[in-house]
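> For reference, the sequence and a predicted model appear below.
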Amino acid sequence: MAKILLITTGGTITSVTENKTLTPSSSHIILDTLKIIDPLNDYNVLDLFVLDSSNIQPEEWLQLAEKIYENLDKYDGIIVTHGTDTMAYTTSVLSFIIQNPSIPIVFTGSQLPIYDKLTDAYSNLRYALAMATSKIGGIFLAFNRKIILGCRAVKVRTSSFHAFESINLENVASIDSRGLTILNIPKINNKFNYCNKLETKVFLLKLTPNMDPQIIDMLINFGIKGLVIEAYGAGGISFIRRNFLVNLKKLIALNIPVCVCSQCLYESANFNIYEVGKKALNIGVIEAFDMTSEACLAKLMYLLGCSNDINYIKTNFKKNLVGEIKEETYE
């Protein structure tokens, strides 16, 4: 018998229709469902939030992380139900705040409310429970017969049941007629670490060909502490006519870290291939390799929350802390 903690935060899975729109509501049916799926386990529930995930922000991330941390030694596994729209941000952030936990912490949700006769909630809860009782430590996302490492998950579809993909990493596990099949558990040499601090003034900027580089000056005036840029392709930042490099130098001179990933979902950025990438490296931007945008943002917020030392940021951003980087991409 496994001892499982269910933490609920709202989301579509508990939503009901009010005034022709979906609104998160009571979560008691989720606990009842888990008891039906496997009545032999011992369940406790913590109703933490009743929020649409669009309203789950850094303040909620920190509260959620604290509750998980407080219960790590009390349970064999933790299931967190969460709205799908920002779940990948939450799993990425929690992956860095609670690094390499000894028990499985599994996030799930649904595309239709649990009260809907066509809902995917029951099946996703089954998948989450299977992973939560696996005794494999880590932070995961369970959805549509897939178990995804938390820092690799991205929501890529708005309404389909196969809403999430694991980006640049094989799924951790799959579910089929054989049950839960473990496919790939990244080997992380780092030990457990907990640092429940975040710097919220980190901006994610997606480059477009018409963008005025003066937006960087606006961000400096706003007081940002870090910048994540989604660059083009393998890592391109314009330096003709709209020359971003001049303005990015201002940020770097202020010891504000500039981390750069690709707008492309799949495969790794490599700033050594093209001149537009090499010039960016030469002014001091930090490569994000094959990290997702969600993981880049989360990692920089986390590192800045732990320290404002620029050398600490540069060194640790390039390290594979929780499986967010394939090590062969930078060796």
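Thanks, I have it. Just so it is clear, the model here is predicted, and its values are computed rather than measured.
> in the stretch 151-300 of the chain, which spans are strands?
Applying DSSP state E, counting those that start in this stretch to the stretch 151-300 of the chain gives strands spanning 153-155, 164-166, 173-176, 179-182, 193-194, 202-206, 226-231, 258-262, 286-287.
> which other helices and strands contact the fourth one?
Strand 179-182 makes packing contacts with helix 121-132, strand 173-176 when contacts are defined by 3 or more C-beta pairs under 8 Å, 6 or more residues apart in numbering; DSSP states H and E. In short, each C-beta sits where N, CA and C put it, glycine included.
> The first one packs against which elements?
What that stands for is helix 121-132. helix 28-37, strand 77-81, strand 104-108, strand 138-143, strand 146-149, strand 173-176, strand 179-182.
> just how off-centre is the fourth one within its chain?
What that stands for is strand 138-143. Centroid displacement of strand 138-143 relative to its chain, using C-alpha atoms, centre = their mean, to the nearest Å, is 10 Å.
> and what of the fifth one?
Relative to the mean C-alpha coordinate of its chain, strand 146-149 is positioned 12 Å out (C-alpha atoms, centre = their mean).
> and what of the second one?
Here the centre of mass of C-alpha atoms in strand 77-81, compared against the chain's by C-alpha atoms, centre = their mean, lies 15 Å away.
> ok, residues contacting that strand?
Strand 77-81 has contacts (C-beta atoms under 8 Å, 6 or more residues apart in numbering) with 2-9, 11, 13-14, 27, 30, 34, 64, 68, 71-72, 103-109, 125, 128-129, 131-135.
> secondary structure element for the residue most central in space within the chain?
Residue closest to the average C-alpha location in the chain (C-alpha atoms, centre = their mean): Ser92, at 2.2 Å. Under the criterion of DSSP states H and E, Ser92 resides in helix 87-97.
> which strands and helices sit next to that helix?
helix 58-71, strand 104-108, strand 138-143, strand 153-155, helix 293-306.
> Would you mind telling me which of the ones you listed is nearest Asn189?
strand 138-143 (14.2 Å; C-beta to C-beta).
> still on that earlier bit, got the helices and strands packed on helix 87-97 as CSV, with distance to Gly83 and mean pLDDT columns?
Conversion of those to CSV gives the following (distance: least, C-beta to C-beta, whole Å; pLDDT from 0 to 100):
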stretch, distance to Gly83, mean pLDDT
helix 58-71, 11, 98
strand 104-108, 10, 98
strand 138-143, 12, 98
strand 153-155, 10, 98
helix 293-306, 15, 98
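> Can you add mean neighbour count and distance to Ile185 and give the ones you listed back as a markdown table?
Below are the helices and strands packed on helix 87-97 laid out as a markdown table (neighbours: other C-beta atoms under 10 Å; distance: least, C-beta to C-beta, whole Å):
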| stretch | mean neighbour count | distance to Ile185 |
| --- | --- | --- |
| helix 58-71 | 17 | 20 |
| strand 104-108 | 27 | 11 |
| strand 138-143 | 29 | 7 |
| strand 153-155 | 24 | 15 |
| helix 293-306 | 25 | 18 |
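> Distance to Ile167 added to the ones you listed, as CSV?
Output for these, formatted as CSV (distance: least, C-beta to C-beta, whole Å):
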stretch, distance to Ile167
helix 58-71, 20
strand 104-108, 16
strand 138-143, 12
strand 153-155, 5
helix 293-306, 9
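> Which of these sits closest to Ser262?
Distance to Ser262, taken as C-beta to C-beta, is lowest for helix 293-306 among those, at 8.8 Å.
> Just the buried residues of whichever helix or strand comes after the closest one, please?
Using DSSP H and E, the helix or strand that directly follows helix 293-306 along the chain is helix 310-317. By neighbour count on 16 or more other C-beta atoms under 10 Å, the buried set for helix 310-317 is Ile310, Ile313, Phe317.
> Was I right to think the first one contacts Pro257?
This points to Ile310. Yes: using C-beta atoms under 8 Å, Ile310 is in contact with Pro257, at 6.4 Å.
> that older thread, so which of the buried residues of helix 310-317 comes closest to Val228?
Of these, the one sitting nearest to Val228 (C-beta to C-beta) turns out to be Phe317, at 10.3 Å.
> Please report the distance of that closest one from Lys278.
19 Å (C-beta to C-beta, to the nearest Å).
> Please consider this matter closed, and thank you.
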